[in-house]
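>>> Give me coordinates for this.
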Amino acid sequence: QVQLVESGGGLVQAGGSLRLSCAVSGRTFSRYDMGWFRQAPGKEREFVAGIRWSSGSTDYADSVKGRFTISRDSAKNTVYLQMDSLKPEDTAVYSCAADRTQKFRIPTHRDEYDYWGQGTQVTVSS
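Model prediction:
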């Protein structure tokens with residue numbers, strides 16, 4: 001079993017920055033892929049960014065490319081999402097997820113992930 005705990009959400013003005021953290025514990029996850037998703041009210045949960053823990057390779061949704069950065073710290077067992085140049089449309093509950101079956105590419109669909117955190121609210125005011 002893997003446990004994921006997010007933190008770092010909050011209220012920020014448009015143009016500002018936030019860094020989300022996802023603390024990972026439980027079974028060995030060095031071969032996992034990790035993802036950040038978000039869900040705004042009335043919308044589907046969507047992929048934001050993903051990282052392959054073993055190699056550090058990353059993937060991003062087009063809507064956040066150039067503004068968000070995903071990274072991991074193996075010593076701290078933590079995945080981060082640095083969010084810069086935030087926009088009101090980035091407002092959502094952000095959740096991290098883990099995929100235990102490493103696939104050919106970093107998964108981008110929510111159904112491909114096995115474990116989920118509880119989520120953290122990010123609100124961007126205009």
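
>>> Which residues are in contact with the residue lying closest to Thr108 once chain neighbours are set aside?
Take Thr108 and drop its neighbours on the chain: the residue closest to it by Cβ to Cβ, 6 or more residues apart in numbering is Phe47, 4.3 Å away. All C-beta spots, glycine's among them, are computed from the backbone N, C-alpha and C. By Cβ atoms under 8 Å, 6 or more residues apart in numbering, the residues touching Phe47 are Gly35, Trp36, Phe37, Ala61, Thr108, His109, Arg110.

>>> The same query, at a cut-off of 7 Å, please.
When the contact criterion is Cβ atoms under 7 Å, 6 or more residues apart in numbering, the partners of Phe47 are Gly35, Phe37, Ala61, Thr108, His109.

>>> Glu46 now?
Contacts of Glu46 by Cβ under 7 Å, 6+ apart are Phe37, Arg38, Ala61.

>>> Highest neighbour count among the contacts of Phe47?
Using other Cβ atoms under 10 Å as the neighbour test, the contacts of Phe47 are led by Gly35, with 28 neighbours.

>>> the strands in the protein, which residues?
For the chain, the strands defined by DSSP state E occupy 2-7, 10-13, 18-26, 33-39, 46-52, 58-60, 68-73, 78-83, 92-99, 115-116, 120-125.

>>> The shortest one pairs with which strands, parallel or anti?
So that's strand 115-116. With DSSP bridges as the test, strand 115-116 is paired with strand 92-99 (antiparallel).

>>> what comes into contact with the strand it pairs with?
Contacts for strand 92-99 (Cβ under 7 Å, 6+ apart): 2, 4, 6, 9, 20, 22, 24, 29, 32-40, 79, 107, 112-117, 119-122.

>>> How far off centre is that strand?
Per Cα atoms, centre = their mean, to the nearest Å, the displacement of strand 92-99 from the mean C-alpha position of its chain is 5 Å.

>>> Leaving out the residues flanking it, which one is nearest to Ser71?
In space, Ser71 comes closest to Tyr80 once its chain neighbours are excluded; the distance is 5.0 Å by Cβ to Cβ, 6+ apart.
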